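**Student:** sharing a model that was predicted from the sequence below.
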Amino acid sequence: MAKEQRIKEEKATATKGSEKLTDEGAVPAVVEGVIGRTGTKGEITQVFCRILQGRNRGKQMRRNVRGPVTRRDILILRETEIEARRMQKRINKGAQS
């Protein structure tokens, strides 16, 4: 008699923590203020935004945005758990300062 083969159920290969991204789906947020430009070439804008829907509704958080953005723009966020790091103050040392 031949043994029955056990078939392993394939689990969805997801990265750790990606379950949170798919929990709520896309969440709208409104830009309340522009903090400044960041990135090596200044291509990223750091903004304060307030979450409009979802579990973190009403929470104000700092986010990095790429592209043109102004106050009262609506952003669609994939996740609302992680906040961007604060921008560091630039200290200019050298002959020019």
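**Tutor:** Perfect, thanks for sending it. Numbering: from 1, shown residues only.
**Student:** so P28 makes contact with D73?
**Tutor:** No. The pair P28 / D73 is not scored as a contact, 10.7 Å apart, by Cβ atoms under 8 Å. From N, CA and C alone the C-beta is placed, and that goes for glycine too.
**Student:** in the longest strand along the chain, what's buried?
**Tutor:** When the chain is parsed with DSSP state E, its longest strand is strand 27-38. Buried residues in strand 27-38, counted by 16 or more other Cβ atoms under 10 Å: V27, A29, V31, T38.
**Student:** next, format those as TSV and append distance to R63.
**Tutor:** Shown next, in TSV, are the buried residues of strand 27-38 (distance: Cβ to Cβ, whole Å):
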residue	distance to R63
V27	12
A29	8
V31	9
T38	11
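**Student:** just name the closest of those to R50, please.
**Tutor:** Distance to R50 across these (Cβ to Cβ) is lowest for A29, with 6.2 Å.
**Student:** what is that closest one paired to in the beta sheet?
**Tutor:** I51, L75 (DSSP bridges).
**Student:** over to N64?
**Tutor:** Applying DSSP bridges to N64 gives these bridge partners: Q46.
**Student:** so what's it up against?
**Tutor:** N64 is in contact with T38, I44, T45, Q46, V47, A84, counting by Cβ atoms under 8 Å, 6 or more residues apart in numbering.
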